[in-house]
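Novice: sequence and predicted structure below; questions after.
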Amino acid sequence: MSDWKARNQKNKAVVWEYWQRMNHARPQEVAGIVDKAFHKDVDWNGPQPINQIRGSDALIKEFWQPLLHSFPDIRRKADILIGGVDKDEDWVSGIGYLTGTFVHDWLGIPATGKKTNIHFGQFFVMRDEKIAESYCILDVLAVFKQAGFQVLPNAYGREGGKVQKPRGGDGIQLVEQDELEGRKTKQLVSAMGNGLMRYVRNRDMEDMNTMEQHHYWHPDFHWMGPTGIGTTHSIEEFQDFHQRPWLIGFGDRELDIEPGGRYMGFHGEGQYAAVGVWDYKFSTNHGQYQDIPATGKMMTIRDFDWYKRDGNFLIQNWIPIDIIDIFKQMDVDLFDRMHRQNELRKRGINWWDLPLDGEIAAGESVAAASLRRF
């Protein structure tokens, strides 16, 4: 086994052990588990409003303690775990669900007392068999919805429940995979990505055909986006429910600027591959998106992708995106919308009887205000 392959197996084992031990940790054991898995000065990054945390001590205090207080019985069920090397950096990544009973408010979201599922996607940079950097997207909007709040128009794609698991149930790659198969998967993902770059917003607008995505995607493929966008099934749904609205809003390709942010190492094993970006400049906000007018701002994105290949086609794609961060850049505070709805809930007024901003004008009835909701 080559040096990088041996390192990759050890790195995956470190992450897997960390995940499993945290699933069964008593409160007094959390610090020891975190210290074993992470470098003391780890650079940990989470979704809005958590963002960057520096150091393992702060990670315990600012992330794990609040999360475990709100969900004391939380458990992680991973669906994918893969690793690899890119640009001389060792990476491990995975997706799945954190599930627990929501007994105390979390991030200001009112507790429900019910089981809550939080989809996660996470990339780790490994150094000396410890986690040196971590980038984590949690589907916080799904927690909003499970708590009874609707802060965006209904998604075009399917929302609610859990997204589809990897077909064949083989996403946890704890043993060494065929290097040739991993190379095939990465090559197909790269070819698909090059196809996406053929789109030119000012020329193509709502025409998705220049990207020729039918060459890369299985006819039965599923694209599993975050809450706010939803899941699509087939190329047609993918184009209608996600690509077209997204590209009208944020359609720049090959920007001639320094993207900044952090590139997640492109790695693949067997039929799986993963890549992502964090706070990465990707487009000007040219058009309306989710009923929000264009701002003209340069946008950054926190976006991860995991792919599964079936033969010569990609058949599944999981895409965590920090949607709350996207809207924050568009001057829309989705937490503020949630808090407004919660205050009205306390007055016995339902969010579905209101305009989306939660406001009722002077002298306006709830019924009239509801017509302005979206």
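Specialist: Cool, the structure landed. Numbers count the residues shown, from 1 in each chain.
Novice: where do the strands of this structure begin and end?
Specialist: Assignment of strands within the chain using DSSP state E yields the ranges 38-45, 52-54, 75-86, 89-101, 115-127, 130-138, 217-224, 231-233, 262-269, 272-284, 298-310, 313-318.
Novice: ok, which of these comes nearest Q65?
Specialist: When those are ranked by proximity to Q65, the top entry is strand 52-54, at 11.8 Å, counting by Cβ to Cβ. From N, CA and C alone the C-beta is placed, and that goes for glycine too.
Novice: just checking, what packs against that closest one?
Specialist: Other helices and strands packing on strand 52-54, by 3 or more Cβ pairs under 8 Å, 6 or more residues apart in numbering; DSSP states H and E, are strand 38-45.
Novice: mind listing what the strand it packs on pairs with, with the direction of each?
Specialist: Strand pairing for strand 38-45, determined by DSSP bridges: strand 52-54 (antiparallel), strand 130-138 (parallel).
Novice: out of the ones you listed, which one sits most buried?
Specialist: Per-stretch averages of neighbours, counted by mean count of other Cβ atoms under 10 Å, single out strand 130-138 among the strands paired with strand 38-45, with a mean of 21.
Novice: next, the angle strand 89-101 makes with that one.
Specialist: Using axes from the mean of the first three to the mean of the last three Cα atoms, to 10 degrees, the direction of strand 130-138 lies 50 degrees away from that of strand 89-101.
Novice: and strand 130-138, what's its mean pLDDT?
Specialist: Looking at strand 130-138 alone, the average pLDDT works out to 98.
Novice: equivalent analysis for stretch 65-76, please.
Specialist: Throughout stretch 65-76, pLDDT has a mean value of 98.
Novice: buried ones in it, by neighbour count?
Specialist: For stretch 65-76, the buried set under the neighbour-count rule, 16 or more other Cβ atoms under 10 Å, comprises L67, L68, S70, F71, I74, R76.
Novice: how about K114, what does it touch?
Specialist: Taking Cβ atoms under 8 Å, 6 or more residues apart in numbering as the contact definition, K114 lies against T101, F102, Q146.
Novice: if we can go back for a sec, would TSV of the strands paired with strand 38-45 with distance to E236 be doable?
Specialist: Compiled in TSV, the strands paired with strand 38-45 are given as follows (distance: least, Cβ to Cβ, whole Å):
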stretch	distance to E236
strand 52-54	39
strand 130-138	27
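Novice: who wins for proximity to W106 among those?
Specialist: Comparing the strands paired with strand 38-45 against W106 with Cβ to Cβ, the closest turns out to be strand 130-138 (10.3 Å).
Novice: now the angle from the closest one to strand 115-127?
Specialist: Following the same axes, to 10 degrees, one obtains 150 degrees for the angle between strand 130-138 and strand 115-127.
Novice: figure out which of the strands paired with strand 38-45 is closest to Q9.
Specialist: Across the strands paired with strand 38-45, the minimum distance to Q9, taken as Cβ to Cβ, is reached by strand 130-138, at 15.2 Å.
Novice: nearest to F241, of the contacts of K114?
Specialist: Compare each of the contacts of K114 with F241 using Cβ to Cβ and the shortest gap goes to Q146, at 21.6 Å.
Novice: between the two ends of stretch 49-65, how far is it?
Specialist: Using Cα to Cα, to the nearest Å, the end-to-end distance of stretch 49-65 comes to 16 Å.
Novice: buried ones in that stretch?
Specialist: Judged by neighbour count using 16+ other Cβ under 10 Å, the buried positions of stretch 49-65 are I50, I53, G55, S56, L59, I60, E62, F63, W64.
Novice: identify the farthest-apart pair in those.
Specialist: Taking Cβ to Cβ as the measure, the buried residues of stretch 49-65 reach their widest spread between I50 and S56, a distance of 15.5 Å.
Novice: spit out the contact partners of the residue lying closest to M197 once chain neighbours are set aside.
Specialist: If you skip the residues right next to it in sequence, M197 has R253 as its closest partner in space, 5.1 Å away by Cβ to Cβ, 6 or more residues apart in numbering. R253 makes contact with L196, M197, R198, Y199, V200, R201, according to Cβ under 8 Å, 6+ apart.
Novice: what's the neighbour count on I315?
Specialist: Here the number of neighbours of I315 (other Cβ atoms under 10 Å) works out to 18.
Novice: on that earlier part again, which of the buried residues of stretch 49-65 lies closest to N285?
Specialist: The closest of the buried residues of stretch 49-65, once distances to N285 are taken by Cβ to Cβ, is I50, at 23.7 Å.
Novice: count the neighbours of the nearest residue to I137 once chain neighbours are set aside for me.
Specialist: Sequence neighbours aside, P320 is the residue nearest to I137 in space, at 3.9 Å (criterion: Cβ to Cβ, 6+ apart). By the measure other Cβ under 10 Å, the count of residues near P320 is 24.
Novice: quick one: contacts for P320?
Specialist: Contacts for P320 were tallied using Cβ under 8 Å, 6+ apart; they are I95, H119, F120, G121, I137, D139, P226, D303, F304.
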